[in-house]
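**Q** give me a 3D structure for the following:
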Amino acid sequence: MAIGASSAKTTGEEADTTEREHPSQLRRRLGRSDLRAVPEARRELRELLRHWGNPGRSEIAELLTSELVTNALVHTDREAVLTAVVEPSQLRVEVRDFTARRPRVRAPDTGDGTHGRGLVLVNSLADAWGVQAHEVGKSVWFELDAEAA
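**A** You can find the predicted model right below:
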């Protein structure tokens, strides 16, 4: 699946606007190369998602958020910003960094036990994900449906 591809199905129906009126949100600035932010972001997201979605969805969200935050902090030498927006039926997590270099999905190197798996996990577990360019930098995002198994 290519970057930005979606495995989510669209039905052509209009979304219920009442779901979008009062979303819960997490916004956190991530310090340059501060890997302590990874478990802190997981903890904050866990609290935000305490009563959201089917069993297991929050754990997937935590894992994918950890991957995006780690990638932003390890592969750039800049700050990043984590934003998570929770609606009753959906979660969207976005990590914005301030470098133009786009991430790429690559097969993990079997000789390197810690690198190359992040976007493979995002690609496999997210209902939709992508990369959005900004005037300065980019955002890597994913979405999860609350009801998916």
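
**Q** show me where the chain has its helices.
**A** All helices of the chain, identified by DSSP state H, fall at 37-48, 57-75, 118-125.

**Q** which one of those lies closest to residue 84?
**A** Closest approach to residue 84 among those (C-beta to C-beta): helix 37-48, 5.8 Å. Every residue, glycine included, has its C-beta placed from N, CA and C.

**Q** burial of the closest residue to residue 58 other than its chain neighbours, as a residue count?
**A** Nearest residue to residue 58, sequence neighbours excluded (C-beta to C-beta, 6 or more residues apart in numbering): residue 49, at 4.2 Å. Per other C-beta atoms under 10 Å, the neighbour tally for residue 49 reads 22.

**Q** contacts only, for residue 73.
**A** Shown in contact with residue 73 (C-beta atoms under 8 Å, 6 or more residues apart in numbering): 30, 32, 33, 34, 35, 37, 38, 80.

**Q** which of these ranks first by neighbour count?
**A** In the contacts of residue 73, the most neighbours by other C-beta under 10 Å go to residue 80, 25 neighbours.

**Q** for residue 47, see how far away that residue is.
**A** 20 Å (C-beta to C-beta, to the nearest Å).

**Q** can you give me the strands in the protein?
**A** In the chain, the strands defined using DSSP state E lie at 24-30, 80-87, 90-97, 128-133, 138-145.

**Q** now those strands as CSV including mean pLDDT and distance to residue 53?
**A** Below are those laid out as CSV (pLDDT from 0 to 100; distance: least, C-beta to C-beta, whole Å):
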stretch, mean pLDDT, distance to residue 53
strand 24-30, 94, 12
strand 80-87, 96, 9
strand 90-97, 97, 7
strand 128-133, 96, 15
strand 138-145, 97, 7
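
**Q** got JSON lines for these, with distance to residue 67 too?
**A** Formatted as JSON lines, the strands of the chain follow (distance: least, C-beta to C-beta, whole Å):
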{"stretch": "strand 24-30", "distance to residue 67": "14"}
{"stretch": "strand 80-87", "distance to residue 67": "12"}
{"stretch": "strand 90-97", "distance to residue 67": "9"}
{"stretch": "strand 128-133", "distance to residue 67": "11"}
{"stretch": "strand 138-145", "distance to residue 67": "9"}
